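**Q** Starting from these lines, generate the structure:
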Amino acid sequence: MKRLLSIFCLFFAALAGNASAQTTLVVAIAADPTGLDPEAVLNNTSGFVMATIYDGLVKYKSGTVEVEPGLAESWSISPDGLTYTFKLRKGVKFHDGTAFDAPGFVKTINRLDKSDPDTIYNTGPVENFNTYADLAAIKAVDDSTVEFKLKNPSGPFITDLAMVWNGVVSPTAYNKLKKEFRTHPVGTGAFIFKEWRQGDQIVLDANPNYWNGKPKVDRLVFKVMPDAQATLLAAKRGDVHIIGDVSTQTLPAARTDPNLVILSQPGLTVNGIAMSNDAKPFDDKRVRQALNYAVDKDAITNSLYQGLAVTMNSPLPPAQWPHDPSLKAYPYDPAKAKQLLAEAGFPNGFKTELLSYSSPRGYNPAGAELSVAVQGYLQKVGVEATIRKQEMGAFLAEVRSGKYQGIFTAGFSGDNGDPDNFLYTLFAAPMMPTNDTSHYNNPEVNKMLLDAKRLADPAKRIEIYKKAQAIILDDAPWIFVNSVKLTRIARKEVKGFVLNPTQMFLDMEKVSLEK
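**A** Numbers count the residues shown, from 1 in each chain. Have a look, this model is predicted:
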C-alpha cells in the first residue's frame, strides 16, 4: 500500500511540475491596439500583436529586412516584372483548422475590392497599405499556386508582401465574423488569439502545430502599460519580460539594473512635427521652413533622446539605403526663422495648436516631451503653440481623418526596408490622408516617387530618390527632428529575442525564458 501511495505521489508531483513549467512571456506596450485585422488596421501597436498571429507569403530573415520564403515556399517573376507566381507551402492550417490554400488566399485578397459582397470596407474604417493598388488580377492556378498580375512593374512588391499588413487571414473566420474579425483574429502564426481585454491585455497561446516550429513559451501576453515608470518597475519585479515602447525617462534606471538588458540598433525611423500643408499659414513654404530653422534639433537629440537618435538631414533615415548624407539639415537659426515669418506676413508670429500623442513610441521614445521641447523653441520666434494630448488611438483617428489643421507629432518606422516605404508612403499625395498626414502634394515629387516605385533597377531608383529627398527637404512638410535607434528593454532571462528593423515582434516562436 505504501509503495502504491508513493507511486501516486510521484505521479501527482510530476503533474504539478508540468503545470509549473508553463511559461508566459509578457511584453509591455504603451497603447492599446486599434484592431487586429492586417488589411484594415495600420499602426505599430496593432502590428506588434499581429506579427505573432499572422504569416505572410514571404517573411523577413531574422533581424533583417531580407526576404525569404514564408507561407510560399518559392516564387518566380516574369521577365517583364508583371507576373508573380507563388508556390504555397502544403499542410499549413489556420488556427481555426481551415486549410491554407490558393483559393482561400484569393478570397482574402478579394475582400479589398469594394464591389465584393464580403468587402472589408463594409466592416468599418479601413486603413490599408495599398500593396495591391497596381494589381490587375489574381487567381488560384491550382490549390497550391497563386498568380498575381500587376498593371505596372513594382520594385518593392516582394518586400511589401512580407509586411505585417499583408498577413494572411482565415477566409472561414472572416466570412463568419466579418466586423468582429478585427477583435477575434485568426491566422496561421506562431500564436493563437485567446482573449483581448481592451485597455488591459491581449492573451495569445502557443500554436503547437506551427509550421515553422512550436514556440518555446506556452503563452504570450501583450500588456497595455502607458505609464513608463510603472512599466519599468514591473520589468524590475519580473512581471514584464520585454518593454516594447521604451521611454527615455526610464533608460538611466534601466542601465543600472543587472537584471535588465538594453537592446539597440540603428533604426528605420523618422521623427518630427508634421504641418498641415494645405491649411493656412502652413500652405506657405516660407512658414514651414521658418519652423524648421526655429527648432534646435541637435539640442533636442542630444538631451531629450540621450544618445538614441541622430538629427535628420533628409526625410529618409540614415539606415535606409538611398539616404543622401550630403544633404544639409536645417541649422538652428532663430533670426532666419523670424525673417521668413516676416516675409510670409507674420512679423509677430501666430498662434496654432500642437496635437500630440501621450505615450512613447518606438520612433519617439520621448513621447509628448518632444512637443513640449518644440513648443519652447517656437515661442522664441513668436509662434504660440498650444499642446493638446491624446491617447494614441484617438490621435491617429484625428490626424488621419483628413480634416485636422494645425501641427502635430509625426513619425514612422519602416515596414519593409525599401525607400518607397518612407518617401511614397509619407510624402506622395495618393497616400492622403492615412499616411501622408501632412497633406504634402508636390506634383513633381508625386511623379518621381511613382516612377521609382515602378522600377526594378536599384541604381536608377537611387538616382530618383536622391533628387526627391532634396526637394522634400526644401519643401519642409515636417519639422524634421531626428531618426531614433530601435531600442527595447528585456530581462536577462529572455533568450532568443532578436530586434527587427521594422520594429515588429517577429520570430517570437524562438524566444524562451531561462533562469
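**Q** Show me what Arg197 is bridged to.
**A** For Arg197, the beta-bridge partners are Gln201 (DSSP bridges).
**Q** Report how many residues lie close to it.
**A** The tally of other residues near Arg197 (other Cβ atoms under 10 Å) stands at 10. Yep, even glycine has a C-beta here, placed from its N, CA and C like the rest.
**Q** give me phi/psi at Val240?
**A** Listed backbone geometry of Val240 is phi -120, psi 140, with angles given as degrees, to the nearest 10.
**Q** does it really touch Val27, like I thought?
**A** Yes. The pair Val240 and Val27 qualifies as a contact (Cβ atoms under 8 Å) at a distance of 7.4 Å.
**Q** okay, and the common contacts of those two?
**A** Between them, Val240 and Val27 share these contacting residues under Cβ atoms under 8 Å, 6 or more residues apart in numbering: Lys223.
**Q** Among those two, which residue is more densely surrounded?
**A** Relative neighbour count places Val27 above the other of Val240 and Val27, with 27 against 24, counting by other Cβ under 10 Å.
**Q** Which SSE is immediately downstream of the host helix or strand of Tyr377?
**A** Under the criterion DSSP states H and E, the helix or strand holding Tyr377 is helix 369-379. Moving toward the C-terminus from helix 369-379, the first helix or strand encountered (DSSP H and E) is strand 383-390.
**Q** all helices for the stretch 1-150 of the chain, in order.
**A** Counting by DSSP state H, counting those that start in this stretch, the segments of the stretch 1-150 of the chain that form helices are 2-20, 44-53, 102-110.
**Q** and the shortest one, which residues are buried?
**A** In this case it means helix 102-110. Along helix 102-110, the positions that meet the burial threshold by neighbour count (16 or more other Cβ atoms under 10 Å) are 102, 104-110.
**Q** That helix packs against which elements?
**A** Taking 3 or more Cβ pairs under 8 Å, 6 or more residues apart in numbering; DSSP states H and E as the contact definition, the neighbouring helices and strands of helix 102-110 are strand 135-142, strand 145-150, helix 171-177.
**Q** ok, and what's touching it?
**A** By Cβ under 8 Å, 6+ apart, the residues outside helix 102-110 that reach it are 39, 88, 98, 116, 118, 132, 135, 138-146, 168-172, 174.
**Q** okay, the angle between that helix and strand 145-150?
**A** Using axes from the mean of the first three to the mean of the last three Cα atoms, to 10 degrees, the direction of helix 102-110 lies 30 degrees away from that of strand 145-150.
**Q** Does Glu493 touch Leu513 like I think?
**A** Yes. A contact is recorded between Glu493 and Leu513 when judged using Cβ under 8 Å, the distance being 5.2 Å.
**Q** who touches both of the two?
**A** Listed as contacting both Glu493 and Leu513 by Cβ under 8 Å, 6+ apart are His241.
**Q** So for the two, which residue has more residues nearby?
**A** The residue with more neighbours, out of Glu493 and Leu513 and counting by other Cβ under 10 Å, is Leu513; that gives 17 against 13.
**Q** Quick check: that one touching Gly238?
**A** No. Shown here, Leu513 and Gly238 do not form a contact pair, counting by Cβ under 8 Å, at 9.9 Å.
**Q** So, low pLDDT: which residues of the chain?
**A** Judged against pLDDT under 70, the low-scoring parts of the chain cover residues 1-21.
**Q** how about a cut-off of 80?
**A** For the chain, the stretches with pLDDT under 80 are 1-21, 515.
**Q** any idea where the strands of the stretch 201-350 of the chain begin and end?
**A** Across the stretch 201-350 of the chain, reading from the start of the chain, the strands by DSSP state E, counting those that start in this stretch fall at 201-206, 219-224, 242-243, 260-265, 269-275, 309-311, 350-357.
**Q** Would you tell me which one of these is buried the most?
**A** The highest mean neighbour count among the strands of the stretch 201-350 of the chain, using mean count of other Cβ atoms under 10 Å, belongs to strand 269-275: a mean of 26.
**Q** Return the angle between stretch directions for that strand and strand 383-390.
**A** Here strand 269-275 runs at 120 degrees with respect to strand 383-390, directions being taken by the same axes, to 10 degrees.
**Q** Could you list the paired strands of strand 269-275 along with their orientation?
**A** Sheet pairing of strand 269-275 (DSSP bridges) gives strand 407-413 (antiparallel), strand 478-484 (antiparallel).
**Q** of these, which approaches Thr231 most closely?
**A** Nearest of these to Thr231, taken as Cβ to Cβ: strand 478-484 at 18.0 Å.
**Q** What is the distance between the helix or strand just after that closest one and the centre of its chain?
**A** From strand 478-484 onward toward the C-terminus, using DSSP H and E, the following helix or strand is strand 486-491. Its chain's C-alpha centre and that of strand 486-491 lie 16 Å apart, by Cα atoms, centre = their mean, to the nearest Å.
**Q** Quick check: can you name the pairing partners of strand 486-491 and their directions?
**A** Here strand 486-491 has these sheet partners by DSSP bridges: strand 242-243 (antiparallel), strand 260-265 (antiparallel).
**Q** So which residues make contact with it?
**A** Contacts to strand 486-491, defined as Cβ under 8 Å, 6+ apart, come from residues 232, 235, 238, 240-244, 246, 250, 254, 259-269, 308, 362, 365, 413, 497, 499, 501, 503.
**Q** wait, doesn't Leu341 sit right on Asn292?
**A** No. Between Leu341 and Asn292 no contact is recorded; they are 11.9 Å apart, counting by Cβ under 8 Å.
**Q** one step back: dump the helices and strands packed on helix 102-110 into a markdown table; add mean neighbour count and distance to Thr34 as well.
**A** Written out in a markdown table, the entries for the helices and strands packed on helix 102-110 read as follows (neighbours: other Cβ atoms under 10 Å; distance: least, Cβ to Cβ, whole Å):
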| stretch | mean neighbour count | distance to Thr34 |
| --- | --- | --- |
| strand 135-142 | 14 | 26 |
| strand 145-150 | 19 | 28 |
| helix 171-177 | 18 | 17 |
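**Q** Columns distance to His439 on top of those, output as a markdown table?
**A** Compiled in a markdown table, these are given as follows (distance: least, Cβ to Cβ, whole Å):
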| stretch | distance to His439 |
| --- | --- |
| strand 135-142 | 26 |
| strand 145-150 | 28 |
| helix 171-177 | 33 |
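**Q** Could you point out which of those sits nearest Ile387?
**A** Going by Cβ to Cβ, the one of the helices and strands packed on helix 102-110 nearest Ile387 is helix 171-177, 39.5 Å.
**Q** That closest one - contacts with which helices or strands?
**A** If you count contacts as 3+ Cβ pairs under 8 Å, 6+ apart, helix 171-177 packs onto helix 102-110.
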